[in-house]
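Engineer: sequence plus predicted model, see below.
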Amino acid sequence: MMIFLDSADLKEIEELAATGLVDGVTTNPSLVAASGMSFSELITKITKLVEGPVSAEVTALDAKGMIAQGRKLAKIAENVTVKVPLTVEGLKACKALSAEDIMVNVTLCFSLNQAILAAKAGATFVSPFVGRLDDCGADGMQLIEDIAKVYETYAFDTLILAASIRHPQHVYEAAKIGVDVVTIPGKVFRQLYTHPLTDLGLDAFMKDWKKSGLEI
Ligand code: G3P
């Protein structure tokens, strides 16, 4: 399972990429807007911080505009993945961009039928938004399970990128289903390795070791 950071915070990306456990980054217009940086400068810097796929989202709403913006974004770096929304225009743009060997992440996916169309459009990744479905009382993880089953049935090449992840439970539930990628905020990334019993156990080991006077 690949772990992407869902972030446009360069400091956070640099800090967590240093773990060697970050396989890529996803951004979206809201995250980019909050960064206060120019889009191309921000994406350029992120593509240098991680070797893996870096999603940069188009803002045009028509296929022609999305394709033009996607081609421009893809030129920034080889690991740029163009993000398009799961609309009919986005699907048309996905079809065109993927035919030009440009990686495409089809985002804002909220239904199994949408995910099927993303795969048929040649998407590299599809991003079902788990948390936002949960937020409105639906079962986001059930959608992930359904997509995984249908994608396996038809041997679709599109990778499932579980997005809108709210907490560590989403991560292991997605892993148990067998998603290809989870994209997670820095806060959730840090929660993955933190456990009070690990901290308590380490403290106890260090206390006993110090008392022993032994050295390695
Ligand atoms: O960036 C895509 C997705 O992960 C954002 O989800 O619900 O945290 O804004 P959300």
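Structural biologist: Perfect, I can see it now. Residues are numbered from 1 along each chain as shown.
Engineer: for the residue positioned nearest the centre of the chain, helix, strand, or coil?
Structural biologist: When Cα atoms, centre = their mean is applied to the chain, the residue found nearest the centroid is T183 (3.0 Å). When the structure is reduced to helix, strand and coil (DSSP: H, G, I helix; E, B strand; the rest coil), T183 reads as strand.
Engineer: Y172 and the ligand: what is the separation?
Structural biologist: The spacing between Y172 and the ligand, counted by Cβ to the nearest ligand atom, to the nearest Å, is 17 Å. C-betas here are computed from N, CA, C, even on glycine.
Engineer: tell me the buried residues in the longest helix along the chain?
Structural biologist: If you go by DSSP state H, the chain has its longest helix at helix 196-212. Going by neighbour count (16 or more other Cβ atoms under 10 Å), nothing in helix 196-212 comes out as buried.
Engineer: element containing A34?
Structural biologist: Using DSSP states H and E, A34 falls within helix 29-35.
Engineer: counting contacts, what elements does the next helix or strand after that helix pack onto?
Structural biologist: Next along the chain after helix 29-35, taking DSSP H and E as the criterion, comes helix 39-49. For helix 39-49, the contact count by 3 or more Cβ pairs under 8 Å, 6 or more residues apart in numbering; DSSP states H and E identifies helix 10-17, helix 29-35, strand 54-57 as packing neighbours.
Engineer: go with 6 Å
Structural biologist: helix 10-17, strand 54-57 (3 or more Cβ pairs under 6 Å, 6 or more residues apart in numbering; DSSP states H and E).
Engineer: winner for burial among these?
Structural biologist: For those, the stretch with the most neighbours on average is strand 54-57, a mean of 28; neighbours defined as mean count of other Cβ atoms under 10 Å.
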